[in-house]
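Novice: Provided below are the primary sequence and the corresponding predicted coordinates.
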Amino acid sequence: MSLQSLRGRPVVLYAYPKDDTSGCTAQAIDFTRLKPDFEQAGVTVVGISPDSVKKHDKFKQKHELGIDLIADEDKSVLAALDVWKEKSMYGRKYMGVERSTFLIDKDGKIARIWRKVSVPGHAEEVLEAARALS
């Protein structure tokens with residue numbers, strides 16, 4: 001799947017740090033649970049992370065995820081979205097994905113951005129915004 005293939009319909013593109021970690025798993029499960037509601041609103045949900053296609057496939061199978069995931073191993077899309085950032089944990093600095101969500105209209109324009117996302121309740125908030133867009 002490519003971002004270009006999604007043009008012509010509204011898209012929720014959510015950037016997340018890593019497959020099979022607690023927050024990322026919860027987020028993917030939430031979006032999967034609400035997938036029928038997004039589809040009813042005419043919106044496609046897609047996740048993107050620096051993980052490989054193989055890791056995405058294992059992640060989807062393990063958690064029975066019903067959403068598409070894009071592998072951005074070279075981080076070019078993540079960098080273009082300005083979500084590949086310097087982060088800090090326990091005083092150690094490293095590069096990683098800032099959990100963010102983009103609501104993109106059918107013309108490919110970003111209608112709304114959520115930065116530094118907190119997972120609980122986020123998918124529901126995005127669904128409400130997506131319904132308002134369509």
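Specialist: In hand now; what should we look at?
Novice: ranges for the strands of this structure?
Specialist: All strands of the chain, identified by DSSP state E, fall at 11-15, 44-49, 68-71, 84-89, 92-97, 100-104, 110-114.
Novice: give me the contacts around stretch 91-103.
Specialist: Residues from elsewhere that reach stretch 91-103, judged by CB atoms under 8 Å, 6 or more residues apart in numbering: 10-18, 23, 27, 49-50, 78, 81, 83-88, 110-117, 119, 122, 126, 129-130, 133. To be clear about C-beta, it is placed using only N, CA and C from the backbone, and glycine gets the same treatment.
Novice: stretch 24-31 now?
Specialist: Stretch 24-31 has contacts (CB under 8 Å, 6+ apart) with 12, 14, 16-18, 38, 45, 47, 49, 59, 63, 65, 67, 69, 99, 117, 119-120, 122-124.
Novice: for burial, what's the neighbour tally of the nearest residue to residue 7 once chain neighbours are set aside?
Specialist: Leaving out its chain neighbours, the residue that sits closest to residue 7 by CB to CB, 6 or more residues apart in numbering is residue 108, at 5.4 Å. Neighbour count for residue 108, taken as other CB atoms under 10 Å: 13.
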